[in-house]
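*Asks:* here is a sequence together with a model predicted from it:
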Number of protein chains: 2
Amino acid sequence: MKVDGKHYRTVWIDPKDGDVVRIIDQRKLPFEFVVEELRSVEDAAVAIREMHVRGAGCIGATAGFGMFLAARESAGTGGDLMARMRDAGEILKATRPTAVNLAWAVERQLRVVGEEEGEDVRVQAARATAQEIADEDAEWCRRIGEHGLDLIREIAARKGENAPVQVLTHCNAGWLAFVDHGSATAPIYAAHDAGIPVHVWVDETRPRNQGARLTAWELGKHGVPHTVVVDNAGGHLMQTGQVDLMITGTDRTTRTGDVANKIGTYLKALAARDNGVPFYVALPSSTFDWKRRDGLREITIEERGGEEVSVIGGSPGRGEAEVEVRLTPEGTVAANYGFDVTPARLVTGLITERGICEASEAGIQALYPGF
Amino acid sequence: MKVDGKHYRTVWIDPKDGDVVRIIDQRKLPFEFVVEELRSVEDAAVAIREMHVRGAGCIGATAGFGMFLAARESAGTGGDLMARMRDAGEILKATRPTAVNLAWAVERQLRVVGEEEGEDVRVQAARATAQEIADEDAEWCRRIGEHGLDLIREIAARKGENAPVQVLTHCNAGWLAFVDHGSATAPIYAAHDAGIPVHVWVDETRPRNQGARLTAWELGKHGVPHTVVVDNAGGHLMQTGQVDLMITGTDRTTRTGDVANKIGTYLKALAARDNGVPFYVALPSSTFDWKRRDGLREITIEERGGEEVSVIGGSPGRGEAEVEVRLTPEGTVAANYGFDVTPARLVTGLITERGICEASEAGIQALYPGF
């Protein structure tokens, strides 16, 4: 998508500059727009662990490029390139335990590179695979937008010409969370670009405020009308008929349709069910965890440091760099769970690159037979 | 309750200093402990409107003292004291439209003072009534603690000696929200003082962070173990068996048991229901709105300025005064609904000064016949 008129992806490789990998450092948004260079797999691991990049697709693509960097670092050192890549894969997978795309990108690289012989060929295969992962991610998100557009078009037709379709979203499953387009936002961008009036309620998404910082920023850059609300507000909005559709992303979805997503998603799904609001989850199929059936029992929920809750960053004035302030009394303990699991029973449907399906094993298998 | 070893109420009158009314300025907590003087009904109105004081009981008591200040201001001016008090009552009632205790305190003052004759007698009646309102509030909260203690004792017995009873609360229905003891916190303090191990999950409570700022502060001062979590976390805590009991306060409860409380309460009530966690609402009976039957249709939800969402205050360092920082991109619009309504069907029971009852007209009438 565009930033001040120039097209960007969230992570890309620049052949003009010795195949350096570049990312948008999302920690600085919305107050500063900073592009960062990744020159080693350690740089990539830090970028993922410290959340310079975040979001399922963007993490996966960055891990893909990280594996290329690992291969390139190993070449010519006399070491075992595959062993080095396996080690790199372990390091990358450990950075964010809940993100399924991480493991998926790492394993894809190991499989493809393992089939080649010779260091140079292997490094080139790793580069090509990283690029493929990124390109696929962008293309899949584009298709998610097409399928989701049908849902929004239907609601718009029911509401009449001038009433905007009201969409609530949680966290940032926008283009910043992927390589381009986004998952939850893809249908919104598609509808907006098709001239359908859309208004987005943007959940702030504590503790890291990805909604208030990132989703608000990217919707604003694209010109989509939106309003930020605290995470507490969604139930009231639904009770008062102000939400037509809820769409979120997911960090990991089981083969039975249980959805691990940003902490708080489950609460909104409950409110959607209680108020008859359709609750959709948008995801490229790389986000399915085909090995898991029971999200509540089988998905490890990442616990992060309590200071992400106790301390918050913001800008003290227009154009001023971010500062951090403490929100709690000195010495207060805070707990910080990154995700929760929304059981499939609360999910109206999944919007994938292949189409929309029921959040059930049968529904998913109909689109993804053999997985 | 105690602050650094000295007993305080949240609002009180000091006869040694010409009957000045004093409040704890809760905007400054937890970073500064400041006592403010109210010398006119306008001071009282500003204190309520600008949330120097907040919480059902504390607002009601402050309004009661405000009506005394109005009477005293009018006396000797040659004006119509009752007319002046009625005007003052309208000003006070307009400061926070959702808070039922406000109107209740104002009307009680008008009724009592209206029955007297003579300016001096009326001013003294207003003073005595304000004190009575404050004393009753403190006594009712103490009784709420006694009744709620039974619930906690029962859970503790079931869990066994060393396992703390895990209570989740939202916002601040603590002693700071009343004159003393609190409503939702009263059973917690009672249990803690009775030697029952209790641990409190404190919802941060965006946008004004009354949980992270006030509940954490007062529990800390009293020595009750607690952990701050973001508002998004409660569903996950309940799904994983980490909550035995949820207790919140309420700003207004209908005669049928619908509960208007801080925005986000409804989401937690849904999660409690989905996970079989008992969801109790603690309230002195002054918080009942006997005229209303349908909370969703009949209770006006206060909308406040969006800058409470976009801008947050915190301390930049230990002992440093609070500063404000912007959380959203420049120019982003935010909406700010103060409350939501939790339908009675989601409420396990009401803990009142007369005992615990079902959240239904029949249940409430059994404790409060004739209302």
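*Replies:* Arrived safely, thanks for sending.
*Asks:* nearest residue to the residue nearest the centre of chain A other than its sequence neighbours?
*Replies:* Nearest residue to the geometric centre of chain A (C-alpha atoms, centre = their mean): residue A:55, 2.7 Å. Nearest residue to residue A:55, sequence neighbours excluded (C-beta to C-beta, 6 or more residues apart in numbering or on different chains): residue A:177, at 2.3 Å. C-beta here means a position set from N, CA and C on the backbone, and glycine is covered the same way.
*Asks:* give the contact list for the one you found.
*Replies:* Contact analysis of residue A:177 by C-beta atoms under 8 Å, 6 or more residues apart in numbering or on different chains lists A:10, A:54-58, A:171, A:183, A:214, A:249.
*Asks:* which members of the residues you listed are the farthest-apart pair?
*Replies:* Maximum pairwise distance among the contacts of residue A:177 (C-beta to C-beta): 15.2 Å, between A:10 and A:171.
*Asks:* quick check: residues of the stretch 1-150 of chain A near chain B?
*Replies:* residue A:30 (C-beta under 8 Å from any C-beta of the partner chain).
*Asks:* low-confidence stretches in chain A?
*Replies:* For chain A, no stretch has pLDDT under 70.
*Asks:* let me know the outermost residue of it.
*Replies:* Of all residues in chain A, residue A:78 has its C-alpha farthest from the mean position, at 37.2 Å, by C-alpha atoms, centre = their mean.
*Asks:* domains of chain A?
*Replies:* Structurally, chain A divides into domains by automatic domain parsing as follows: A:2-136, A:150-367.
*Asks:* residues making contact with stretch A:294-304?
*Replies:* A:96-98, A:252-254, A:256, A:258-260, A:289, A:292, A:335-344, B:236, B:239.
*Asks:* now, these that are in helices?
*Replies:* Taking DSSP state H, the ones among these that sit in helices are B:236, B:239.
*Asks:* quick check: closest non-adjacent residue to residue A:47.
*Replies:* Excluding its sequence neighbours, the residue lying closest to residue A:47 (C-beta to C-beta, 6+ apart) is residue A:53, at 5.4 Å.
*Asks:* looking at this, that neighbour is in a helix?
*Replies:* No: in this structure, residue A:53 is coil, not part of a helix, as judged by DSSP: H, G, I helix; E, B strand; the rest coil.
*Asks:* which residues in chain A form helices?
*Replies:* A:41-49, A:56-74, A:81-93, A:100-114, A:119-159, A:185-193, A:210, A:216-222, A:234-239, A:265-275, A:295-298, A:307-310, A:361-367.
*Asks:* so what does the second one touch, helix or strand wise?
*Replies:* Applying 3 or more C-beta pairs under 8 Å, 6 or more residues apart in numbering or on different chains; DSSP states H and E, we find helix A:56-74 packed against strand A:11-14, strand A:20-24, strand A:35-38, helix A:41-49, helix A:81-93, helix A:100-114, helix A:119-159.
*Asks:* save the ones you listed as TSV, and put in mean neighbour count too.
*Replies:* Output for the helices and strands packed on helix A:56-74, formatted as TSV (neighbours: other C-beta atoms under 10 Å in any protein chain shown):
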stretch	mean neighbour count
strand A:11-14	20
strand A:20-24	20
strand A:35-38	16
helix A:41-49	21
helix A:81-93	19
helix A:100-114	21
helix A:119-159	19
